[in-house]
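In: I would like the atomic coordinates for the input below:
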Amino acid sequence: MFIATGIYLVVIFLLAYCVRRHRRLRAANPLSLPYPPGPKPWPFFGNYFQIPSKTPWHLYGQWGKQYGDLVHIRIFNEHIIIVNSGAVARDLLEKRSNIYSDRPLFRGMHMVGATFNFGFVKYGPYWRRERRLFQQVFRADHVAEYAPRTMRAAVNMLRQLLDRKEEFMSCIRRCGDVPSLSMQLYGYDIPEVYDHFVELVEHSASLMCGYGFPGSAIVDHFPAVEYLPSWLPGMGFKTDACVARALFKQIQELPFEHVKSLIEQGNAPASFTNDLMNRMSFDDTDSREEAIKRVSGTGYFAGADTTTSAISNFFLAMALNPAAQERAQKEIDTVVGAGRLPSFDDRASLPYVEAVFREVLRWRAVVPLGVSHANTEDDIYDGFFIPKAKHANPILITPRRAMHMDERVYVDPESFEPERFLNPDGSIKNDFPQTAFGMGRRVCAGQHAANLSVWAAVASVLAGFTITKALNADGTVVEVSLEYQTGMTSHPVPFKCSITPRNSVAERLIRQSKVDSSTK
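Out: Got it, this is the predicted structure:
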């Protein structure tokens, strides 16, 4: 009797839930417009088991070719729209930015403590204040003032590569953009061999690989999981989350406390943090310091990880494309000569080097899936219904990888072809892969710094070194893998290549080089 009554009540509850849900959906979509097409979902699970745990952006691109520019999938009860076209993404994120500038609630990101980064927070007054603060140092004109430091970091990387060629990926991490960011944000000169701050960034970045995109964190779909004990089977990720949270706290606090102590001693060098500490006004000191910690930590962590990925992609591209490398080197020899390394003054006179730089950003997207957007209102696009984000729905994915591989925009997109950014006369086109930095109001706030840092590395390495495939002891070629690590920021799986000075003149120049003080 009691069992029958229980079953009856459950059935009544489910029917009531379905009716209520149906009415809510009908009210939101009175014209009964369809969702965009997509793969058929399973009951309850939706498309969860169809999405691979590694490099899911490849599948999203395939779905785009099969179903169209807008693809609808469902993960459990969450509706997700995948935008595989740059043109459609611009329509939504730029022309309708008033409703497509929000973020979903990243519960996984919150667990690991990554939401100090304002790029992951909801759209509103808090986000505007944090971004405005960030742009005080990362706007284009201010970044240009730090150009000598950026070029100095690139030259330091060249020096390290001379002596540590086998550890070139470590050199990129430690001597690429990290020293420039460290000096700019904290006035801190990073040692070339080992530094605790760099270790913090590397460790926390490795723990971030499992977060930030749909299906990556179970807590995003089942919030109650956050409150289960970590000793239960399958809850091991909670231990990693605790470690990551502690690391992110150190990323914010350790360099800040370093600057603060120097300010108290009266010998703090010029830096973003020092400047803000001296002139920023808040109702109380704690609020001011916490805001500076968050914004400086965001620039340090996000900038170091993404720039490292882009420079690694450049090395991979050069090992696989010797003709492009040779043409860029000839251009540098003609324009710059053999007596110095390139500077930012030369940039406008090096169109092919500029094309190589742009193709690096296009060929392998640093953030392949972008960062999920959420729309604050129901919308209709091209006859399809796009429901507004509710609760944790990561409603809009804009996979940059798919946009960069769009055959309607780029001929033979899998090939590395810098010429696609050149006019017939060899001049650079007024065409930049803008989707590399996102679109709309949530475009990457550090794009100007990244632009300078990656270009400086590309031009400097091309001037000083030749990159080829490595050889085994028996003289056979070591083939380079095109496999990538999975994460919000994607890095090439460690690979071997041969890095040799172009000649004795180039080697001597690197060892003796002094960076041009130009800020152009």
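In: Would you mind confirming that Arg364 makes contact with Leu316?
Out: Yes. If you go by CB atoms under 8 Å, Arg364 and Leu316 touch, sitting 7.4 Å apart. For every residue, glycine as well, the C-beta is placed using N, CA and C.
In: so what's in contact with these two at the same time?
Out: The contact sets of Arg364 and Leu316 overlap at Pro492 (CB atoms under 8 Å, 6 or more residues apart in numbering).
In: where along the chain do the strands fall?
Out: Assigned by DSSP state E, the strands in the chain fall at 70-75, 78-83, 379-381, 384-386, 396-397, 465-469, 497-501.
In: what's the fourth one packed up against?
Out: Identification of packing neighbours for strand 384-386 by 3 or more CB pairs under 8 Å, 6 or more residues apart in numbering; DSSP states H and E yields strand 379-381.
In: Quick one: list the elements packing against the strand it packs on.
Out: Looks like strand 379-381 contacts helix 86-93, strand 384-386 (3+ CB pairs under 8 Å, 6+ apart).
In: other SSEs contacting the first one?
Out: So the one you mean is helix 86-93. Checking 3+ CB pairs under 8 Å, 6+ apart, helix 86-93 ends up next to strand 379-381.
In: and the strand it packs on, which strands flank it?
Out: The strands beside strand 379-381 in its sheet (DSSP bridges) come out as strand 384-386 (antiparallel).
In: still on that earlier bit, now the weakest link among the strands of the chain, please, by mean pLDDT.
Out: Confidence, taken as mean pLDDT, is least for strand 396-397 of these (a mean of 87).
In: what does it contact?
Out: With CB under 8 Å, 6+ apart as the criterion, strand 396-397 contacts 60, 80-83, 92, 100, 213-214, 369-370, 372-375, 386, 389.
In: picking up where we left off before, do you know which of the helices and strands packed on strand 379-381 lies nearest Leu276?
Out: helix 86-93 (29.8 Å; CB to CB).
In: For the closest one, buried residues please.
Out: 86, 88-93 (16 or more other CB atoms under 10 Å).
In: so where's the stretch 1-150 of the chain uncertain?
Out: 1-11, 13-28, 30 (pLDDT under 70).
In: Could you pull out the helices in it for me?
Out: Taking DSSP state H, counting those that start in this stretch, the helices of the stretch 1-150 of the chain run over residues 2-28, 57-67, 86-93, 107-112, 125-138, 140-145, 147-163.
In: I figured Glu359 was touching Phe416, is that so?
Out: Yes. With contact defined as CB under 8 Å, Glu359 counts as touching Phe416 (6.0 Å).
In: okay, and the common contacts of those two?
Out: 317, 324.
In: Of these two, which one has the most company?
Out: Glu359 (25 against 21; other CB atoms under 10 Å).
In: ok, back up a step: is it possible to export the buried residues of helix 86-93 to CSV including distance to Thr468?
Out: Converted to CSV, the buried residues of helix 86-93 look like this (distance: CB to CB, whole Å):
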residue, distance to Thr468
Gly86, 33
Val88, 40
Ala89, 37
Arg90, 39
Asp91, 43
Leu92, 43
Leu93, 40
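In: Farthest pair within these?
Out: Checking the buried residues of helix 86-93 with CB to CB, the most distant pair is Gly86 and Leu92, at 11.0 Å.
In: how many other residues sit next to Leu59?
Out: 17.
In: which one is Arg74 nearest to, not counting chain neighbours?
Out: Excluding the flanking residues, the one nearest Arg74 by CB to CB, 6 or more residues apart in numbering is Gly46, at 3.5 Å.
In: What is the neighbour count of that neighbour?
Out: 22.
In: so it bridges to which residues?
Out: Trp42, Ile75.
In: Hmm, it is touching Phe76, no?
Out: Yes. Using CB under 8 Å, Gly46 is in contact with Phe76, at 5.7 Å.
In: give the contact list for the residue nearest to the spatial centre of the chain.
Out: By CA atoms, centre = their mean, the chain has its centre lying nearest to Val367, at 3.9 Å. Val367 makes contact with 306, 400, 438, 488-490, according to CB under 8 Å, 6+ apart.
In: Distance of it relative to Ser312?
Out: 14 Å (CB to CB, to the nearest Å).
In: what are the ranges of the helices in the stretch 201-350 of the chain?
Out: 237-265, 272-279, 285-320, 322-335.
In: closest one to Phe118 among those helices?
Out: helix 285-320 (6.3 Å).
In: Report the buried members of the contacts of strand 396-397.
Out: By neighbour count, with 16+ other CB under 10 Å, these hold 60, 80-83, 92, 100, 213-214, 369-370, 372-375, 386, 389 as buried.
In: give me the beta-bridge partners of Tyr484?
Out: Here Tyr484 sits in beta bridges with Pro492, as judged by DSSP bridges.
In: was I right about it contacting Pro492?
Out: Yes. Tyr484 is within contact range of Pro492, at 5.8 Å (criterion: CB under 8 Å).
In: Need the residues touching each of the two.
Out: If you check Tyr484 and Pro492 against CB under 8 Å, 6+ apart, the residues they both contact are Arg364.
In: mind listing the helices for the stretch 401-520 of the chain?
Out: With DSSP H, counting those that start in this stretch as the criterion, the stretch 401-520 of the chain has helices spanning 447-464, 504-512.
In: can you tell which of those helices is closest to Lys65?
Out: Comparing those by CB to CB, helix 447-464 comes nearest, at 28.7 Å.
In: Using CSV, list the CA coordinates for that closest one.
Out: Coordinates of each C-alpha in helix 447-464 appear next as CSV, following Å, rounded to 0.1, in the frame of the first residue of the first chain:
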residue,chain,number,x,y,z
GLN,A,447,45.6,41.7,-25.9
HIS,A,448,48.0,44.6,-26.4
ALA,A,449,50.6,43.2,-24.1
ALA,A,450,50.3,39.8,-25.7
ASN,A,451,50.6,41.3,-29.2
LEU,A,452,53.9,42.9,-28.3
SER,A,453,55.3,40.0,-26.4
VAL,A,454,54.6,37.3,-29.0
TRP,A,455,55.8,39.5,-31.9
ALA,A,456,59.1,40.3,-30.0
ALA,A,457,59.7,36.6,-29.5
VAL,A,458,58.9,35.7,-33.1
ALA,A,459,61.1,38.4,-34.6
SER,A,460,64.0,37.8,-32.2
VAL,A,461,64.1,34.0,-32.6
LEU,A,462,63.9,34.3,-36.4
ALA,A,463,66.8,36.7,-36.4
GLY,A,464,69.0,34.6,-34.2
